[in-house]
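Novice: Take this sequence and fold it.
(chains A and B)
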Amino acid sequence: MTNPRDLKYTKEHEWARIEGNRVTVGITHYAQEALGDVVFVELPGVGDKIIEGEAFGTVESVKSVSDLYAPVSGEVVEVNDNVLDSPETVNTDPYGAAWMIVVEIADPTEVDKLLSAEQYEEFLAEQD
Amino acid sequence: MTEQLVFELSKPGRRCLELPACDVPKAELSSLLPPGMLRDEIKGMPEVSEIDVVRHFTRLSKLNHGVDNGFYPLGSCTMKYNPKVNEDAARLPGFARIHPYQPEELAQGALELMYKTQEFLAEIGGMDGISLQPAAGAHGEYTGMIIIRAYHESKGEQRTKVIVPDSAHGTNPATAALCGYQVVQVKSDARGGVDVEALRQAMSGDVAALMLTNPNTLGLFDENITEIADLVHGGGGLLYYDGANANAIMGIARPGDMGFDVVHFNLHKTFSTPHGGGGPGSGPVGVKGFLEPFLPKPVVGFKEGKYFLDYDRPQSIGKVRSFYGNFGVVVKAYAYMIALGGAGLKAVSEHAVLNANYLMHKLKKDYHLPYGRICKHEFVITSRNQKGKGVHTLDIAKRLLDFGYHPPTIYFPLIVEEAMMIEPTETESRETLDEFIATMERIAREVEQNPELVWEAPHNTPVGRPDEAAAARKPVLSYLFCE
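Specialist: I've put the predicted structure just below:
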């Protein structure tokens, strides 16, 4: 699976869709594949503040539990309840149905630090 | 063949016992007890004969794997042999039949054993005071961190953060969070130790403690430990030693000398008491002198020729366990320490490290070794060399079941992709290690020649691959009766 070109990425394997000051966040195809079957997702609530680089939730697979790291700082304005109820969507549709939260960002320049799809794929190639 | 559930063995009217006729007037239970204390009738209790029950559980017990029936190289868990003489000692009537409320003058032997265990553990850890109360390793961590919190509070400081390396046992960040701290993770460096620069950046006046396992979960001794300790102490923080891996250093290096202020030991790992279903555990906590006032009370003291339970500790964090901890486990650990002596305990560490290095050296021919330096009591390899054939660590672990092994710890530590964490312990012979090596070599060849065999493993167990994802997503935790 290729990583959508219109998204931004982190080295912690989150993706971010930037639309004005609203940023939708999920985890990448690479991340879901490395995790294996996802069985539980824990997300913050609407109104919570998240801080770039810090954990904002967890994702648990049959193998392990991993933190989700915030690609940007801001306030959570939407949470995807479907992914909480059906964590398997993280495996089946990581860039679509398994979006996790929408954040309203305070500092729009923060997104400049994120990787493009090409940069993220280069990073993955270095890891192998 | 899979074993049926005991409910499925049930036949109406079949039973194990016959009660004698009632010789007192019968009364309705509802006339004797208030409604809130009455339980609804339990439907569907299995109806089976005594021999059905005995055979059912005997068959199940044969499906178990324990260190008494095979090699069990479960990294970080120290599945060493548990000498049977320990059980003998714990069953001596003076220990087994003692009552926790027995007067001190009638419990001098038990108190002496506890006092001496405290002294032994203090000497091994380089600590000044010990509490035997915590009932398990994570309980010890919790107790230790509450002591650290009490210490900072006694100085009027409200520190909010605890630093944990990314190679830590999951219980470390969980403990810190449970104690109300914000967890700050620091990365490991290229040699597998704490990244000292990252630690320097993370240090601040808010840091209450660093929690560290040394050797760490990669089985590597942190060479910078004294620098790390100076860094944390320089910022007013304390150092917590997770004793999960003490089997590698016992009698050779002491956490107290490395700069640690608080340690916990796992008697059920390092000191050979049973665990993993057998248990229970025991996680004594040791502290440096300045933290002694905060230890849980009571601790066992000795004054004017008598042992006593010292409750007069105004700064104590209180009790963390009913009575005095898992006393029977302490007896077994004491028996182990007495049997081996100082020289024997040191030899334990030496052989644990030697066995691990022997295995590592042999296995690295077929399996990827991410950190190549000399290991301590365990090491981490991966299935990277097998990835091209589509075989993952899980498949190799499942294949090991076919050869009668308990697989190593897999997918941990989290910083190593497709990790297999192998800890042979000191109690395994050269022959056992060589057999395991031969099996791992055989599996590596199977991956090359016939990967399907490994994907589809295990072939010889009553249950093949349970659907772990479904089990975790939609667990069925009780038997569903058909009405």
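Novice: any idea where the strands of chain A begin and end?
Specialist: Taking DSSP state E as the criterion, chain A contains strands spanning A:8-9, A:14-19, A:22-27, A:38-42, A:49-50, A:55-61, A:65-69, A:74-79, A:101-105.
Novice: For the fifth one, which helices and strands make contact with it?
Specialist: What it means is strand A:49-50. The elements that strand A:49-50 packs onto, with contact taken as 3 or more C-beta pairs under 8 Å, 6 or more residues apart in numbering or on different chains; DSSP states H and E, are strand A:74-79. Glycine gets a C-beta too; all of them are placed from N, C-alpha and C.
Novice: Enumerate the positions of the strand it packs on that are buried.
Specialist: For strand A:74-79, the neighbour count (16 or more other C-beta atoms under 10 Å in any protein chain shown) marks A:74, A:76, A:79 as buried.
Novice: what's next to stretch A:84-102, contact-wise?
Specialist: Residues from elsewhere that reach stretch A:84-102, judged by C-beta atoms under 8 Å, 6 or more residues apart in numbering or on different chains: A:3-4, A:7, A:15, A:17, A:22-29, A:31-32, A:35, A:37-44, A:50, A:56-57, A:59, A:68, A:76-80, A:82-83, B:469, B:473.
Novice: Now, of those, which are buried?
Specialist: A:3, A:7, A:15, A:17, A:23-29, A:31-32, A:35, A:37-39, A:41, A:43-44, A:50, A:56-57, A:59, A:68, A:76, A:79-80, A:83, B:469, B:473.
Novice: Tell me the bridge partners for the residue nearest to residue A:55 when sequence neighbours are not counted.
Specialist: Among residues not flanking residue A:55 along the chain, residue A:67 sits closest, at 3.9 Å (C-beta to C-beta, 6 or more residues apart in numbering or on different chains). Applying DSSP bridges to residue A:67 gives these bridge partners: residue A:58.
Novice: Was I right to think residue A:67 contacts residue A:50?
Specialist: No: here residue A:67 does not reach residue A:50: they are 11.8 Å apart, not a contact under C-beta atoms under 8 Å.
Novice: how about the residues of chain A that lie near chain B?
Specialist: Applying C-beta under 8 Å from any C-beta of the partner chain, we find that chain A lies next to chain B at A:34, A:36-37, A:39-40, A:60, A:62-66, A:87-88.
Novice: Just the element for the residue in the stretch 251-400 of chain B that chain A sits nearest to, please.
Specialist: The nearest approach of the stretch 251-400 of chain B to chain A comes at residue B:394, 7.6 Å away (C-beta to the nearest C-beta). Assessed by DSSP states H and E, residue B:394 sits inside helix B:393-402.
Novice: quick one: strands adjacent to the following helix or strand past that helix?
Specialist: Following helix B:393-402 in sequence order, the next helix or strand is strand B:409-410 (DSSP H and E). According to DSSP bridges, strand B:409-410 forms sheet pairs with strand B:419-422 (antiparallel).
Novice: that older thread, could the buried residues of strand A:74-79 be laid out in TSV, adding pLDDT?
Specialist: TSV is the format used below for the buried residues of strand A:74-79 (pLDDT from 0 to 100):
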residue	pLDDT
A:74	95
A:76	97
A:79	97
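Novice: can you tell me which helix in the chain is longest?
Specialist: Going with chain A. Counting residues, the longest helix found in chain A (DSSP state H) is helix A:117-127.
Novice: Sorry, I should have been clearer: chain B.
Specialist: Ranking each helix of chain B by length (DSSP H) puts helix B:327-363 first.
Novice: Quick check: what element follows it along the chain?
Specialist: Per DSSP H and E, the helix or strand that comes after helix B:327-363 is strand B:379-382.
Novice: That next one and chain A in contact?
Specialist: No: judged by C-beta under 8 Å from any C-beta, strand B:379-382 makes no contact with chain A; its nearest approach is 12.4 Å.
Novice: How many neighbouring residues does the residue of the stretch 251-400 of chain B closest to chain A have?
Specialist: By other C-beta atoms under 10 Å in any protein chain shown, 21 other residues sit near residue B:394.
Novice: Adding pLDDT, write the residues of chain A next to chain B out as TSV.
Specialist: Shown next, in TSV, are these (pLDDT from 0 to 100):
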residue	pLDDT
A:34	88
A:36	90
A:37	93
A:39	94
A:40	94
A:60	94
A:62	88
A:63	83
A:64	82
A:65	86
A:66	88
A:87	94
A:88	94
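Novice: Just send those back as CSV, with distance to residue B:143 too.
Specialist: Formatted as CSV, those follow (distance: C-beta to C-beta, whole Å):
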residue, distance to residue B:143
A:34, 35
A:36, 35
A:37, 36
A:39, 31
A:40, 29
A:60, 27
A:62, 32
A:63, 30
A:64, 27
A:65, 24
A:66, 28
A:87, 34
A:88, 39
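Novice: Give me the buried subset of those.
Specialist: So, by 16+ other C-beta under 10 Å, the buried ones in those are A:34, A:36, A:37, A:39, A:60, A:62, A:63, A:64, A:66, A:87, A:88.
Novice: Among the residues you listed, which lie within helices?
Specialist: Applying DSSP H to those, the entries found in helices are residue A:34.
Novice: Surely the residue of the stretch 251-400 of chain B closest to chain A is in contact with residue B:407?
Specialist: No: judged on C-beta under 8 Å, residue B:394 makes no contact with residue B:407 at a distance of 9.1 Å.
Novice: nearest residue to the closest residue to chain A within the stretch 101-250 of chain B other than its sequence neighbours?
Specialist: Residue nearest to chain A within the stretch 101-250 of chain B (C-beta to the nearest C-beta): residue B:170, separated by 7.2 Å. Distances taken as C-beta to C-beta, 6+ apart place residue A:65 nearest to residue B:170, at 7.2 Å, with adjacent residues excluded.
Novice: do residue B:295 as well
Specialist: That would be residue B:131: by C-beta to C-beta, 6+ apart, it lies 4.7 Å from residue B:295.
Novice: mind listing what the one you found touches?
Specialist: Neighbour list for residue B:131: B:143, B:284, B:285, B:295, B:296, B:299, B:320, B:325 [criterion: C-beta under 8 Å, 6+ apart].
Novice: Top of those by number of neighbours, please.
Specialist: That'd be residue B:285 among the contacts of residue B:131, by other C-beta under 10 Å, with 32 neighbours.
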